[in-house]
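> Output the structure for:
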Amino acid sequence: MDPHASILTDLKQKTDKTLKHLKEQLGSIRTGRASPTLVDTIRVDYYGTATPLNQIAHISVPEPRQLLIKPFDNSPQVMKDIERSIQKSDLGLNPQSDGKVLRLQLPPLSGEQRQKLVGKVKDLVEQNRVALRNERRDANKLADQMKKDGKLTEDQCKKAHEAVDKELKGVEARLEEALRAKSKEILEE
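Below is the predicted model:
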């Protein structure tokens with residue numbers, strides 16, 4: 001296997017992980033519409049264990065601005081624990097319970113709230129950009145170290161640096177696209 005190909009393979013795995021993480025972060029940011037991903041990051045104290053909400057309840061979208069959470073175990077204690085976890089989250093939503101299901105009504109976002117959310121999205125994308133820069137630096141350091149150890153020639157090291165930069169440009173474009181798409185989603189009524 002080409003030595004600089006291993007550098008690229010490793011970098012690709014790291015950048016894919018970074019993009020997946022960003023997608024999860026963006027999914028939990030509220031937009032004008034209800035989406036089950038909105039509550040993906042909520043953890044519920046389920047019999048002493050912090051459990052993701054989507055593992056202990058079915059989450060559906062019966063209306064564009066409403067989430068319906070139906071616990072698999074609808075004991076009163078579990079309902080209270082889910083309710084408490086939602087109230088503690090940074091969603092700013094107050095669930096209504098009928099004893100069997102919880103309903104989350106998403107009020108329309110004001111223009112100011114939408115701008116704040118777009119700012120939050122930009123911050124998250126920037127944090128992930130920093131992570132990508134660190135991954136590029138690490139990949140380039142590895143190529144330099146391999147050259148120093150005699151595993152890569154000068155030309156191979158240069159090609160590795162170029163390949164790393166090319167890979168990062170592609171990932172940066174995907175970050176920008178995620179930023180544009182999420183911002184558009186937040187800003188539309």
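> what about R65, distance to V171?
Note on R65: its distance to V171, by Cβ to Cβ, to the nearest Å, is 34 Å. C-beta: built from backbone N, CA, C; applies to glycine.
> cool, V61 as well?
Computed with Cβ to Cβ, the distance linking V61 and V171 is 31 Å.
> who has more neighbours, those two?
Between V61 and V171, V171 has the larger neighbour count (other Cβ atoms under 10 Å), namely 21 against 15.
> Identify the residue nearest that one in space, chain neighbours excluded?
Leaving out its chain neighbours, the residue that sits closest to V171 by Cβ to Cβ, 6 or more residues apart in numbering is T15, at 4.6 Å.
> how about the one you found, secondary structure?
Following DSSP: H, G, I helix; E, B strand; the rest coil, T15 is assigned to helix.
> My read is that it contacts L132, right?
Yes - with contact defined as Cβ atoms under 8 Å, T15 counts as touching L132 (6.3 Å).
> Have a look at these two and say which one is more surrounded.
The residue with more neighbours, out of T15 and L132, is T15; 23 against 20, by other Cβ under 10 Å.
> OK, contacts around the more buried one?
T15 sits next to L132, E135, E167, L168, V171 when contact means Cβ atoms under 8 Å, 6 or more residues apart in numbering.
> mind checking pLDDT for the first one?
For L132, the pLDDT comes out at 92.
> Which secondary structure element is home to it?
helix 111-148 (DSSP states H and E).
> I'd like to know which elements that helix is packed against.
In terms of contacts (3 or more Cβ pairs under 8 Å, 6 or more residues apart in numbering; DSSP states H and E), helix 111-148 is packed against helix 3-27, helix 154-187.
> Name every strand pairing with the helix or strand just after the shortest one and say which way it goes.
Using DSSP H and E, the next helix or strand after helix 3-27 towards the C-terminus is strand 43-46. Taking DSSP bridges as the criterion, strand 43-46 pairs within the sheet with strand 49-52 (antiparallel).
> residues of the partner strand that come out buried?
By 16 or more other Cβ atoms under 10 Å, the buried positions in strand 49-52 come out as T51.
> Then stretch 51-61?
So for stretch 51-61, counting by 16+ other Cβ under 10 Å, buried means T51, L53, N54, I56, A57, I59.
> again, but for stretch 178-189
A178, L179, K182, S183, E185, I186.
> Stretch 30-40 too?
By 16+ other Cβ under 10 Å, the buried positions in stretch 30-40 come out as R30, T31, G32, A34, S35, P36, L38, V39.
> which one among these gets closest to Q113?
Ranked by distance to Q113 (Cβ to Cβ), those are led by R30 at 8.6 Å.
> Distance of the closest one relative to P107?
Distance, R30 to P107, by Cβ to Cβ: 10 Å.
> re earlier: would you convert the helices and strands packed on helix 111-148 into CSV that also reports mean pLDDT and distance to M79?
As requested, the helices and strands packed on helix 111-148 are arranged in CSV below (pLDDT from 0 to 100; distance: least, Cβ to Cβ, whole Å):
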stretch, mean pLDDT, distance to M79
helix 3-27, 86, 25
helix 154-187, 90, 31
